[in-house]
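**Student:** How does the following fold in three dimensions:
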Amino acid sequence: MRRGLAHLVRGYRIEDLKELHPRVRKNSSVMPLSSLNGARILDIARRGKFLWFIFDRPEVLVAHLGMSGQFLVNSPDRPAARHVRAEFTLSKALRKRTLVFNDQRTFGWISVEQTREGIPTSVQHIARDPFDPSFDIAALLQNFKKRNIKIKSALLNQEIMSGVGNIYADEALWRARVHPESITSALSRKKIESVVECAIEVMSEAIEAGGTSFDDMYVHVNGESGFFDQSLSAYGQTNEPCPRCGTPIRRIIVGQRSSHFCPRCQRLFATSLRL
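**Tutor:** This next block holds a predicted model:
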């Protein structure tokens with residue numbers, strides 16, 4: 001989504017920004033969204049699951065998509081978005097474009113914020129993700145090793161390493177042959193490094209495939225679907241044969257999240273149960 005937004009709206013100026021739902025603007029927003037009228041979009045930045053618009057002024061517009069939030073550019077050849085919470089009228093020379101924030105479940109939000117060292121206020125607690133130029137894998141491995149938590153929960157903790165969601169955590173653990181309930185302190189440094197490397201690998205492939213689109217809540221800014229769901233080996237594959245060994249994929253709950261794994265390739269050893 002960041003790539004798509006940057007390609008379609010960079011250089012445009014906000015002519016009008018309307019709030020169309022009472023919960024679209026986060027309570028901590030330092031200004032109403034309309035305060036950005038006249039701002040020129042210089043770039044779109046991201047950390048983990050947060051996006052923010054960088055303007056020709058100090059403030060930024062931060063967005064968290066929640067479960068179903070989308071930024072969509074209106075197009076006459078596609079049906080109009082049905083759950084529009086905010087609408088941007090954009091212009092660049094003689095060109096005009098309408099961008100909407102669409103959110104069926106209304107868990108997402110946008111807000112006007114200040115930054116510190118280039119990072120918005122609401123993103124300060126979020127750890128760097130593997131695609132950040134300053135990502136420190138050595139510090140990350142040390143952080144994993146000192147914790148006594150399940151590896152699946154560690155991967156989903158955005159304050160340890162951001163960007164890994166439920167789908168890609170399952171896929172990374174399957175590739176690394178690590179059971180989702182393995183305790184981080186019981187895993188070797190080499191095995192944790194393998195999990196992180198597999199997470200980077202699977203997310204890189206997913207980004208190139210446009211992400212994972214199970215329905216129309218998960219599409220690109222231009223309305224197109226991603227195709228990484230066709231490459232999933234574990235997530236959502238309950239009772240399907242493991243692509244590696246043929247054993248049926250199992251589904252369990254780890255930290256209140258569905259987890260899919262191969263009971264043969266990803267065995268849970270006794271040392272992994274230490275708390």
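**Student:** got a list of what Cys262 touches?
**Tutor:** 174, 234, 242, 244-245, 247, 249-250 (CB atoms under 8 Å, 6 or more residues apart in numbering). C-betas here are computed from N, CA, C, even on glycine.
**Student:** same check, this time on Arg95
**Tutor:** With CB under 8 Å, 6+ apart as the criterion, the residues that contact Arg95 are Tyr12.
**Student:** what does Ile252 give?
**Tutor:** Under the criterion of CB under 8 Å, 6+ apart, the contact partners of Ile252 comprise 180-181, 258-259, 261.
**Student:** Who wins on neighbours among these?
**Tutor:** When those are compared by neighbour count (other CB atoms under 10 Å), Phe261 ends up highest, at 27 neighbours.
**Student:** Now do the same contact list for that one.
**Tutor:** By CB under 8 Å, 6+ apart, the neighbours of Phe261 are 170, 173-174, 179-180, 234, 249-250, 252.
**Student:** Kindly report the same for Glu201.
**Tutor:** For Glu201, the contacting residues are 172, 175, by CB under 8 Å, 6+ apart.
**Student:** between the contacts of Ile252, which is nearest Val73?
**Tutor:** Each of the contacts of Ile252 was scored against Val73 by CB to CB, and Ser258 proved nearest at 32.3 Å.
**Student:** Shouldn't that closest one be within a helix?
**Tutor:** No. When classified by DSSP: H, G, I helix; E, B strand; the rest coil, Ser258 is found to be strand rather than part of a helix.
**Student:** I figured it hits Arg250, correct?
**Tutor:** No. Using CB atoms under 8 Å as the test, Ser258 is too far from Arg250 to be in contact (10.9 Å).
**Student:** before we move on, what SS does Arg244 have?
**Tutor:** Secondary structure assignment for Arg244 (three-state DSSP): coil.
**Student:** if I look at the residue nearest to it when sequence neighbours are not counted, how far off is Arg175?
**Tutor:** Once flanking residues are discounted, Arg244 sits nearest to Cys265: 5.5 Å by CB to CB, 6 or more residues apart in numbering. For Cys265, the distance to Arg175 under the criterion CB to CB, to the nearest Å works out to 10 Å.
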